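Enquirer: I would like to see how this sequence folds:
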Amino acid sequence: MKRNPNFPFAPAKFPFFYGWVSMAAGTIGVLCSIPGQTIGVSVFTDYLIDELQLSRDALSTAYLIGTVASSSILTYAGKLYDKFGARFTAIFSAIALALTLVLFSFSTGIAGRFSSLSGIKYSIVSFTIVSILFFVLRFSGQGVLTLASRNLIMKWFDKKRGFANSISSAIQSFGFAVAPLFIAMLIAEFNWQNAYLILALLTILFVGFAYIFYRDNPEECGLIPDGKITEESANKNNAFTPSKDYTLKEARNTWVFWIFALSICFSAFFITGFTFNVISIFESVGYSQQKALGVFLPTSVVSILSAFIGNIVSDYTRLQKILGVYLLACLLSALGLAILHIPIGYYVLILGNGVMGGLFAVLASLTWPRFFGKKHLGAISGLSMSLIVFASAVAPLFFSLIFTTTGAYTYAGYISALMVVVLLVFFGKAKNPQLN
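Expert: As a prediction, this is how the structure comes out:
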(Lines give C-alpha, C1' and ligand atoms only; values in the text may rest on other atoms or scores of the structure.)
Protein backbone atom coordinates (compact mmCIF):
# COMPACT_ATOMS: atom_id res chain seq x y z
CA MET A 1 0.00 0.00 0.00
CA LYS A 2 1.51 3.33 -1.09
CA ARG A 3 1.54 6.00 1.58
CA ASN A 4 1.71 8.93 -0.90
CA PRO A 5 3.05 11.36 1.73
CA ASN A 6 2.96 14.30 -0.68
CA PHE A 7 -0.75 13.90 -1.51
CA PRO A 8 -2.89 15.99 -1.34
CA PHE A 9 -0.03 18.37 -0.50
CA ALA A 10 3.68 18.17 0.31
CA PRO A 11 4.50 18.83 4.01
CA ALA A 12 8.01 19.97 3.00
CA LYS A 13 6.47 22.97 1.23
CA PHE A 14 4.68 24.22 4.34
CA PRO A 15 5.82 27.69 5.50
CA PHE A 16 6.59 26.23 8.95
CA PHE A 17 7.62 22.84 10.33
CA TYR A 18 4.88 20.31 9.58
CA GLY A 19 5.46 18.54 12.90
CA TRP A 20 3.25 21.14 14.58
CA VAL A 21 0.44 20.21 12.20
CA SER A 22 1.05 16.55 13.05
CA MET A 23 0.92 17.42 16.75
CA ALA A 24 -2.46 19.12 16.30
CA ALA A 25 -3.76 16.31 14.07
CA GLY A 26 -2.62 13.58 16.48
CA THR A 27 -4.23 15.41 19.39
CA ILE A 28 -7.54 15.57 17.52
CA GLY A 29 -7.16 11.86 16.75
CA VAL A 30 -6.83 11.00 20.46
CA LEU A 31 -9.88 13.14 21.25
CA CYS A 32 -11.85 11.32 18.55
CA SER A 33 -11.11 8.06 20.36
CA ILE A 34 -13.19 9.19 23.37
CA PRO A 35 -16.33 7.16 22.41
CA GLY A 36 -14.14 4.05 22.69
CA GLN A 37 -12.57 5.12 25.99
CA THR A 38 -13.97 4.29 29.42
CA ILE A 39 -14.98 7.89 30.01
CA GLY A 40 -17.08 7.80 26.84
CA VAL A 41 -18.62 4.39 27.48
CA SER A 42 -19.64 5.20 31.06
CA VAL A 43 -22.10 7.94 30.01
CA PHE A 44 -24.17 5.36 28.11
CA THR A 45 -24.01 2.64 30.77
CA ASP A 46 -27.42 3.15 32.42
CA TYR A 47 -29.18 3.49 29.06
CA LEU A 48 -27.66 0.24 27.78
CA ILE A 49 -28.62 -1.55 30.99
CA ASP A 50 -32.25 -0.45 30.68
CA GLU A 51 -32.71 -0.87 26.94
CA LEU A 52 -30.81 -4.16 26.54
CA GLN A 53 -32.41 -5.64 29.69
CA LEU A 54 -29.06 -6.43 31.29
CA SER A 55 -27.98 -6.21 34.90
CA ARG A 56 -25.05 -3.99 35.81
CA ASP A 57 -22.94 -7.07 36.46
CA ALA A 58 -23.90 -8.51 33.05
CA LEU A 59 -22.96 -5.30 31.23
CA SER A 60 -19.67 -5.12 33.15
CA THR A 61 -18.96 -8.72 32.17
CA ALA A 62 -19.69 -7.96 28.51
CA TYR A 63 -17.34 -5.00 28.78
CA LEU A 64 -14.70 -7.25 30.33
CA ILE A 65 -15.05 -9.87 27.57
CA GLY A 66 -14.89 -7.33 24.76
CA THR A 67 -12.00 -5.38 26.25
CA VAL A 68 -9.85 -8.40 27.09
CA ALA A 69 -10.44 -9.83 23.61
CA SER A 70 -9.37 -6.54 22.03
CA SER A 71 -6.23 -6.37 24.17
CA SER A 72 -5.12 -9.78 22.90
CA ILE A 73 -4.61 -8.52 19.33
CA LEU A 74 -3.32 -4.99 19.88
CA THR A 75 0.31 -6.06 19.60
CA TYR A 76 -0.44 -7.40 16.12
CA ALA A 77 -2.21 -4.13 15.31
CA GLY A 78 0.96 -2.30 16.34
CA LYS A 79 2.94 -4.33 13.83
CA LEU A 80 0.45 -3.33 11.12
CA TYR A 81 0.96 0.27 12.18
CA ASP A 82 4.72 -0.13 11.64
CA LYS A 83 4.00 -1.47 8.15
CA PHE A 84 1.27 0.88 6.91
CA GLY A 85 1.90 4.04 8.92
CA ALA A 86 -0.25 6.41 10.95
CA ARG A 87 -2.52 7.66 8.15
CA PHE A 88 -4.00 4.35 7.03
CA THR A 89 -4.03 2.87 10.53
CA ALA A 90 -5.97 5.85 11.87
CA ILE A 91 -8.40 5.79 8.93
CA PHE A 92 -9.06 2.06 9.35
CA SER A 93 -9.64 2.36 13.09
CA ALA A 94 -11.86 5.44 12.75
CA ILE A 95 -14.08 3.72 10.16
CA ALA A 96 -14.41 0.67 12.44
CA LEU A 97 -15.20 2.94 15.40
CA ALA A 98 -17.86 4.86 13.47
CA LEU A 99 -19.58 1.68 12.27
CA THR A 100 -19.58 0.31 15.82
CA LEU A 101 -21.20 3.48 17.15
CA VAL A 102 -23.92 3.14 14.52
CA LEU A 103 -24.51 -0.48 15.55
CA PHE A 104 -24.73 0.57 19.21
CA SER A 105 -27.44 3.02 18.19
CA PHE A 106 -29.48 0.20 16.67
CA SER A 107 -28.43 -2.49 19.18
CA THR A 108 -31.87 -2.83 20.79
CA GLY A 109 -33.55 -3.37 17.43
CA ILE A 110 -30.86 -5.80 16.29
CA ALA A 111 -31.15 -7.78 19.53
CA GLY A 112 -34.93 -7.84 19.27
CA ARG A 113 -34.86 -9.10 15.68
CA PHE A 114 -32.34 -11.87 16.42
CA SER A 115 -34.26 -12.88 19.52
CA SER A 116 -37.57 -13.19 17.68
CA LEU A 117 -36.03 -15.11 14.77
CA SER A 118 -34.00 -17.51 16.91
CA GLY A 119 -36.31 -17.90 19.88
CA ILE A 120 -33.36 -17.19 22.22
CA LYS A 121 -34.05 -15.04 25.27
CA TYR A 122 -33.62 -11.33 24.53
CA SER A 123 -31.13 -10.68 27.33
CA ILE A 124 -28.85 -13.50 26.12
CA VAL A 125 -28.87 -12.14 22.58
CA SER A 126 -28.28 -8.57 23.76
CA PHE A 127 -25.40 -9.71 25.99
CA THR A 128 -23.74 -11.46 23.06
CA ILE A 129 -24.20 -8.49 20.73
CA VAL A 130 -22.92 -5.91 23.20
CA SER A 131 -19.87 -8.08 23.99
CA ILE A 132 -18.97 -8.12 20.29
CA LEU A 133 -19.57 -4.39 19.97
CA PHE A 134 -17.43 -3.66 23.02
CA PHE A 135 -14.65 -5.71 21.42
CA VAL A 136 -14.61 -3.60 18.24
CA LEU A 137 -15.23 -0.35 20.14
CA ARG A 138 -12.31 -0.87 22.50
CA PHE A 139 -9.99 -2.24 19.83
CA SER A 140 -10.61 0.59 17.37
CA GLY A 141 -11.08 3.48 19.80
CA GLN A 142 -9.02 3.05 22.94
CA GLY A 143 -6.56 0.79 21.15
CA VAL A 144 -5.60 1.44 17.54
CA LEU A 145 -6.75 5.04 17.02
CA THR A 146 -5.06 6.16 20.23
CA LEU A 147 -1.88 4.25 19.38
CA ALA A 148 -1.65 5.68 15.86
CA SER A 149 -2.36 9.25 16.97
CA ARG A 150 0.10 9.28 19.89
CA ASN A 151 2.86 7.70 17.84
CA LEU A 152 2.24 10.21 15.05
CA ILE A 153 3.24 13.03 17.40
CA MET A 154 6.22 11.15 18.79
CA LYS A 155 7.75 10.41 15.36
CA TRP A 156 7.79 14.05 14.27
CA PHE A 157 9.83 15.23 17.24
CA ASP A 158 13.03 14.23 18.98
CA LYS A 159 14.61 16.91 21.18
CA LYS A 160 11.34 18.90 21.25
CA ARG A 161 9.22 15.80 21.93
CA GLY A 162 8.45 16.74 25.51
CA PHE A 163 7.44 20.30 24.61
CA ALA A 164 5.17 19.12 21.79
CA ASN A 165 3.60 16.48 24.02
CA SER A 166 3.02 19.05 26.77
CA ILE A 167 0.74 21.06 24.48
CA SER A 168 -1.01 17.93 23.21
CA SER A 169 -1.46 16.46 26.70
CA ALA A 170 -2.97 19.65 28.08
CA ILE A 171 -5.54 19.75 25.27
CA GLN A 172 -6.27 16.04 25.68
CA SER A 173 -6.78 16.40 29.44
CA PHE A 174 -9.22 19.26 28.93
CA GLY A 175 -11.05 17.36 26.18
CA PHE A 176 -11.40 14.22 28.29
CA ALA A 177 -12.63 16.34 31.22
CA VAL A 178 -15.46 17.97 29.27
CA ALA A 179 -16.33 14.95 27.08
CA PRO A 180 -18.81 13.37 29.54
CA LEU A 181 -20.68 16.68 29.78
CA PHE A 182 -20.76 16.99 25.98
CA ILE A 183 -22.04 13.44 25.51
CA ALA A 184 -24.60 13.87 28.30
CA MET A 185 -25.81 17.05 26.57
CA LEU A 186 -26.23 15.15 23.29
CA ILE A 187 -28.23 12.45 25.06
CA ALA A 188 -30.44 14.97 26.83
CA GLU A 189 -31.10 16.85 23.59
CA PHE A 190 -31.42 14.01 21.08
CA ASN A 191 -31.72 10.71 23.15
CA TRP A 192 -28.99 8.11 23.55
CA GLN A 193 -29.46 6.39 20.15
CA ASN A 194 -29.13 9.63 18.21
CA ALA A 195 -26.19 10.66 20.39
CA TYR A 196 -24.38 7.55 19.15
CA LEU A 197 -25.21 8.51 15.54
CA ILE A 198 -23.88 12.05 16.04
CA LEU A 199 -20.65 10.69 17.48
CA ALA A 200 -20.42 8.31 14.50
CA LEU A 201 -20.84 11.23 12.10
CA LEU A 202 -18.09 13.20 13.84
CA THR A 203 -15.83 10.15 13.61
CA ILE A 204 -16.50 9.81 9.87
CA LEU A 205 -15.57 13.47 9.43
CA PHE A 206 -12.31 12.66 11.16
CA VAL A 207 -11.59 9.99 8.51
CA GLY A 208 -11.35 12.72 5.87
CA PHE A 209 -9.33 14.89 8.22
CA ALA A 210 -6.84 12.06 8.87
CA TYR A 211 -6.40 11.38 5.16
CA ILE A 212 -5.58 15.03 4.52
CA PHE A 213 -3.29 15.80 7.47
CA TYR A 214 -1.81 12.56 8.86
CA ARG A 215 1.76 11.76 7.74
CA ASP A 216 3.61 8.89 9.39
CA ASN A 217 7.06 10.43 9.81
CA PRO A 218 9.13 13.42 8.65
CA GLU A 219 11.75 11.35 6.81
CA GLU A 220 9.34 10.07 4.13
CA CYS A 221 8.31 13.69 3.53
CA GLY A 222 11.90 14.84 3.00
CA LEU A 223 12.11 16.41 6.45
CA ILE A 224 13.80 15.63 9.77
CA PRO A 225 12.41 15.48 13.34
CA ASP A 226 12.06 18.87 15.05
CA GLY A 227 12.49 20.69 11.73
CA LYS A 228 15.61 22.73 11.14
CA ILE A 229 18.23 21.80 13.74
CA THR A 230 20.58 24.48 14.94
CA GLU A 231 24.04 23.67 16.26
CA GLU A 232 22.88 24.50 19.80
CA SER A 233 19.89 22.15 19.71
CA ALA A 234 21.91 19.46 17.99
CA ASN A 235 24.26 19.34 20.97
CA LYS A 236 21.44 19.45 23.50
CA ASN A 237 20.14 16.34 25.26
CA ASN A 238 22.12 13.92 23.09
CA ALA A 239 21.83 11.45 25.98
CA PHE A 240 18.08 11.21 25.32
CA THR A 241 18.40 10.44 21.61
CA PRO A 242 18.26 6.65 21.07
CA SER A 243 21.27 5.12 19.36
CA LYS A 244 19.67 1.70 18.87
CA ASP A 245 16.27 0.62 17.55
CA TYR A 246 15.03 -2.30 19.65
CA THR A 247 12.80 -5.00 18.21
CA LEU A 248 9.67 -6.01 20.13
CA LYS A 249 11.41 -9.18 21.35
CA GLU A 250 14.45 -7.24 22.57
CA ALA A 251 12.30 -4.63 24.32
CA ARG A 252 10.13 -7.11 26.18
CA ASN A 253 13.24 -8.93 27.40
CA THR A 254 14.30 -5.86 29.40
CA TRP A 255 13.36 -5.07 32.99
CA VAL A 256 12.64 -1.46 32.15
CA PHE A 257 9.89 -2.30 29.64
CA TRP A 258 7.87 -4.24 32.18
CA ILE A 259 8.43 -1.78 35.03
CA PHE A 260 7.25 1.16 32.94
CA ALA A 261 4.48 -0.81 31.18
CA LEU A 262 3.00 -2.18 34.41
CA SER A 263 3.33 1.21 36.10
CA ILE A 264 1.43 2.85 33.25
CA CYS A 265 -1.16 0.06 33.46
CA PHE A 266 -1.87 0.92 37.08
CA SER A 267 -3.34 4.29 36.08
CA ALA A 268 -5.62 2.62 33.52
CA PHE A 269 -6.65 0.03 36.12
CA PHE A 270 -7.33 2.45 38.97
CA ILE A 271 -8.96 5.27 37.01
CA THR A 272 -11.24 2.86 35.13
CA GLY A 273 -12.37 1.10 38.30
CA PHE A 274 -12.86 4.43 40.04
CA THR A 275 -14.74 6.08 37.16
CA PHE A 276 -17.06 3.13 36.58
CA ASN A 277 -18.10 3.09 40.25
CA VAL A 278 -17.60 6.72 41.21
CA ILE A 279 -21.16 7.42 42.39
CA SER A 280 -21.32 4.18 44.36
CA ILE A 281 -17.87 4.86 45.86
CA PHE A 282 -18.91 8.26 47.19
CA GLU A 283 -22.34 7.12 48.32
CA SER A 284 -20.71 4.29 50.31
CA VAL A 285 -18.99 6.87 52.52
CA GLY A 286 -21.97 9.23 52.78
CA TYR A 287 -21.26 11.71 49.97
CA SER A 288 -23.83 12.88 47.43
CA GLN A 289 -23.87 12.25 43.68
CA GLN A 290 -22.98 15.91 43.12
CA LYS A 291 -19.92 15.50 45.33
CA ALA A 292 -18.92 12.41 43.35
CA LEU A 293 -19.20 14.05 39.93
CA GLY A 294 -17.61 17.22 41.25
CA VAL A 295 -14.31 15.40 41.82
CA PHE A 296 -13.45 15.43 38.11
CA LEU A 297 -13.07 19.19 37.57
CA PRO A 298 -10.36 19.87 40.18
CA THR A 299 -8.70 16.59 39.21
CA SER A 300 -8.53 17.69 35.56
CA VAL A 301 -6.95 21.02 36.57
CA VAL A 302 -4.21 19.19 38.50
CA SER A 303 -3.83 16.75 35.60
CA ILE A 304 -3.37 19.49 33.01
CA LEU A 305 -0.73 21.25 35.12
CA SER A 306 1.06 17.99 35.85
CA ALA A 307 1.09 16.96 32.19
CA PHE A 308 2.41 20.34 31.06
CA ILE A 309 5.16 20.49 33.69
CA GLY A 310 6.05 16.81 33.30
CA ASN A 311 6.45 17.04 29.55
CA ILE A 312 8.60 20.17 29.76
CA VAL A 313 10.82 18.61 32.46
CA SER A 314 11.13 15.40 30.41
CA ASP A 315 13.26 17.25 27.86
CA TYR A 316 15.88 17.84 30.56
CA THR A 317 15.75 14.85 32.89
CA ARG A 318 15.51 11.07 32.88
CA LEU A 319 12.08 9.50 32.68
CA GLN A 320 12.97 7.32 35.67
CA LYS A 321 12.67 10.39 37.90
CA ILE A 322 9.27 11.22 36.45
CA LEU A 323 8.25 7.60 36.99
CA GLY A 324 9.16 7.97 40.67
CA VAL A 325 6.88 11.00 41.09
CA TYR A 326 4.16 9.20 39.12
CA LEU A 327 4.30 6.12 41.39
CA LEU A 328 4.07 8.30 44.50
CA ALA A 329 0.97 9.91 42.99
CA CYS A 330 -0.45 6.42 42.32
CA LEU A 331 0.12 5.61 45.98
CA LEU A 332 -1.71 8.80 47.01
CA SER A 333 -4.66 7.87 44.79
CA ALA A 334 -4.96 4.40 46.30
CA LEU A 335 -4.67 5.69 49.87
CA GLY A 336 -7.10 8.50 49.10
CA LEU A 337 -9.70 5.90 48.12
CA ALA A 338 -8.94 3.84 51.23
CA ILE A 339 -9.44 6.83 53.58
CA LEU A 340 -12.19 8.57 51.62
CA HIS A 341 -14.46 8.24 54.65
CA ILE A 342 -12.47 11.00 56.37
CA PRO A 343 -12.41 14.57 54.92
CA ILE A 344 -8.72 14.64 53.97
CA GLY A 345 -9.18 11.51 51.83
CA TYR A 346 -11.17 13.53 49.29
CA TYR A 347 -8.29 15.95 48.71
CA VAL A 348 -5.64 13.23 48.72
CA LEU A 349 -7.66 11.43 46.02
CA ILE A 350 -7.90 14.58 43.88
CA LEU A 351 -4.17 15.29 44.15
CA GLY A 352 -3.19 11.68 43.48
CA ASN A 353 -5.54 11.18 40.53
CA GLY A 354 -4.58 14.53 39.04
CA VAL A 355 -0.81 14.04 39.15
CA MET A 356 -1.12 10.38 38.16
CA GLY A 357 -3.32 11.22 35.17
CA GLY A 358 -1.07 14.05 34.03
CA LEU A 359 2.15 12.05 34.25
CA PHE A 360 0.47 9.04 32.63
CA ALA A 361 0.15 11.18 29.50
CA VAL A 362 3.88 11.89 29.69
CA LEU A 363 5.09 8.33 30.26
CA ALA A 364 2.64 6.59 27.89
CA SER A 365 3.81 8.77 25.00
CA LEU A 366 7.51 9.48 25.58
CA THR A 367 8.88 6.28 27.08
CA TRP A 368 8.88 3.91 24.12
CA PRO A 369 10.49 6.12 21.43
CA ARG A 370 13.14 7.38 23.89
CA PHE A 371 14.00 3.95 25.27
CA PHE A 372 13.61 1.73 22.21
CA GLY A 373 13.73 3.95 19.10
CA LYS A 374 11.11 4.52 16.41
CA LYS A 375 11.65 1.69 13.91
CA HIS A 376 9.48 -0.80 15.82
CA LEU A 377 7.51 1.78 17.78
CA GLY A 378 4.13 0.42 16.69
CA ALA A 379 4.81 -3.14 17.85
CA ILE A 380 6.34 -2.05 21.19
CA SER A 381 3.68 0.54 21.99
CA GLY A 382 1.08 -1.96 20.77
CA LEU A 383 2.13 -4.44 23.44
CA SER A 384 2.02 -1.67 26.03
CA MET A 385 -1.43 -0.65 24.83
CA SER A 386 -2.68 -4.23 25.01
CA LEU A 387 -1.60 -4.37 28.67
CA ILE A 388 -3.30 -1.01 29.34
CA VAL A 389 -6.54 -2.17 27.75
CA PHE A 390 -6.44 -5.46 29.68
CA ALA A 391 -5.88 -3.59 32.96
CA SER A 392 -8.82 -1.31 32.24
CA ALA A 393 -10.98 -4.36 31.47
CA VAL A 394 -10.56 -6.12 34.80
CA ALA A 395 -10.82 -3.02 36.99
CA PRO A 396 -14.62 -2.49 37.08
CA LEU A 397 -15.27 -6.10 38.08
CA PHE A 398 -12.46 -6.00 40.67
CA PHE A 399 -13.91 -2.89 42.34
CA SER A 400 -17.42 -4.32 42.15
CA LEU A 401 -16.42 -7.61 43.77
CA ILE A 402 -14.61 -5.80 46.58
CA PHE A 403 -17.76 -3.80 47.29
CA THR A 404 -20.04 -6.84 47.05
CA THR A 405 -17.83 -8.80 49.44
CA THR A 406 -17.06 -6.13 52.04
CA GLY A 407 -19.77 -3.49 51.55
CA ALA A 408 -17.12 -0.81 50.98
CA TYR A 409 -14.31 0.15 48.61
CA THR A 410 -11.70 0.56 51.35
CA TYR A 411 -9.91 -2.68 50.52
CA ALA A 412 -9.82 -1.77 46.82
CA GLY A 413 -7.71 1.20 47.89
CA TYR A 414 -5.42 -0.82 50.13
CA ILE A 415 -4.90 -3.59 47.56
CA SER A 416 -4.17 -0.96 44.90
CA ALA A 417 -1.64 0.65 47.25
CA LEU A 418 0.06 -2.72 47.66
CA MET A 419 0.37 -3.00 43.85
CA VAL A 420 2.17 0.35 43.77
CA VAL A 421 4.52 -0.68 46.58
CA VAL A 422 5.55 -3.73 44.54
CA LEU A 423 6.34 -1.48 41.57
CA LEU A 424 8.37 0.83 43.81
CA VAL A 425 10.47 -2.14 44.92
CA PHE A 426 11.66 -2.58 41.33
CA PHE A 427 11.99 1.15 40.64
CA GLY A 428 15.79 1.00 40.67
CA LYS A 429 15.81 -1.18 37.54
CA ALA A 430 13.79 1.36 35.51
CA LYS A 431 16.81 2.87 33.70
CA ASN A 432 16.96 3.89 30.07
CA PRO A 433 18.55 0.93 28.19
CA GLN A 434 20.10 3.37 25.71
CA LEU A 435 22.32 4.68 28.53
CA ASN A 436 23.61 1.29 29.70
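
Enquirer: I'd say residue 270 and residue 330 touch.
Expert: Yes - if you go by Cβ atoms under 8 Å, residue 270 and residue 330 touch, sitting 7.0 Å apart. Every C-beta, even on glycine, is put in place using the N, C-alpha and C of the backbone.

Enquirer: list residues touching both of those two?
Expert: Applying Cβ atoms under 8 Å, 6 or more residues apart in numbering, one finds that residue 270 and residue 330 are jointly contacted by 356, 416.

Enquirer: how about the closest residue to residue 60 other than its chain neighbours, what does it touch?
Expert: Nearest residue to residue 60, sequence neighbours excluded (Cβ to Cβ, 6 or more residues apart in numbering): residue 396, at 5.0 Å. Residues near residue 396 by Cβ under 8 Å, 6+ apart: 60, 63-64, 272-273, 276-277.

Enquirer: how much space between residue 396 and residue 176?
Expert: Separation of residue 396 from residue 176 (Cβ to Cβ, to the nearest Å) stands at 18 Å.

Enquirer: Residue 62 too?
Expert: Per Cβ to Cβ, residue 62 is found 23 Å from residue 176.

Enquirer: Among the contacts of residue 396, which pair sits farthest apart?
Expert: The most widely separated members of the contacts of residue 396 are 64 and 277, with 14.0 Å between them, by Cβ to Cβ.

Enquirer: still on that earlier bit, format the contacts of residue 396 as CSV; extra columns: neighbour count and secondary structure.
Expert: Shown next, in CSV, are these (neighbours: other Cβ atoms under 10 Å; DSSP: H, G, I helix; E, B strand; the rest coil):
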residue, neighbour count, secondary structure
60, 21, helix
63, 27, helix
64, 20, helix
272, 27, helix
273, 26, helix
276, 24, helix
277, 24, coil
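
Enquirer: Turn those residues into a markdown table, columns for pLDDT.
Expert: As requested, the contacts of residue 396 are exported to a markdown table (pLDDT from 0 to 100):
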| residue | pLDDT |
| --- | --- |
| 60 | 82 |
| 63 | 89 |
| 64 | 89 |
| 272 | 87 |
| 273 | 88 |
| 276 | 77 |
| 277 | 80 |
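
Enquirer: of those residues, closest to residue 93?
Expert: residue 63 (19.1 Å).

Enquirer: Quick check: chain neighbours aside, which residue is closest to the closest one?
Expert: Excluding its sequence neighbours, the residue lying closest to residue 63 (Cβ to Cβ, 6+ apart) is residue 134, at 5.3 Å.

Enquirer: after the helix or strand containing the one you found, next one along is what?
Expert: Secondary structure from DSSP states H and E places residue 134 in helix 122-137. Where DSSP H and E defines the elements, the next helix or strand beyond helix 122-137 is helix 146-155.

Enquirer: Now do that next one, average pLDDT.
Expert: The predicted model assigns helix 146-155 a mean pLDDT of 91.

Enquirer: what's next to it, contact-wise?
Expert: Applying Cβ under 8 Å, 6+ apart, the contact partners of helix 146-155 are 22-23, 25-30, 33, 37, 74, 77-78, 81, 86, 89-90, 93, 161, 164-165, 168, 214-218, 225, 364-366, 368-369, 374, 377-378, 381-382, 385.

Enquirer: picking that back up, need the per-residue pLDDT for the residue nearest to residue 60.
Expert: We have a pLDDT of 81 for residue 396.

Enquirer: cool, and the one 5 residues further on?
Expert: In the predicted model, residue 401 carries a pLDDT score of 85.

Enquirer: most distant residue from the middle of this protein?
Expert: Relative to the centre of the chain, and counting by Cα atoms, centre = their mean, the farthest-placed residue is residue 119 at 39.3 Å.

Enquirer: ok, that one to residue 53 distance?
Expert: Residue 119 is 16 Å from residue 53, where distance means Cβ to Cβ.

Enquirer: Equivalent analysis for residue 417, please.
Expert: From residue 417 to residue 53 the distance is 38 Å (Cβ to Cβ).

Enquirer: just the contacts of residue 396 now: which is nearest residue 435?
Expert: Here the nearest of the contacts of residue 396 to residue 435, counting by Cβ to Cβ, is residue 272; it sits at 33.1 Å.

Enquirer: which residues does the closest one contact?
Expert: 38, 391-392, 395-396.

Enquirer: so what does whichever strand or helix holds residue 75 touch, helix or strand wise?
Expert: For residue 75, the element it lies in under DSSP H and E is helix 74-105. Under the contact criterion of 3 or more Cβ pairs under 8 Å, 6 or more residues apart in numbering; DSSP states H and E, helix 74-105 touches helix 19-32, helix 122-137, helix 146-155, helix 192-213, helix 377-406.

Enquirer: right, and those - which one's nearest residue 256?
Expert: Of all the helices and strands packed on helix 74-105, it is helix 377-406 that lies closest to residue 256, at 11.8 Å by Cβ to Cβ.

Enquirer: Could you pull out the buried residues of stretch 156-172?
Expert: 156-172 (16 or more other Cβ atoms under 10 Å).

Enquirer: Give me the secondary structure label for the closest residue to residue 286 other than its chain neighbours.
Expert: Counting by Cβ to Cβ, 6+ apart, residue 341 is the residue found nearest to residue 286 once chain neighbours are left out, at 7.6 Å. Here residue 341 is recorded as coil under DSSP: H, G, I helix; E, B strand; the rest coil.
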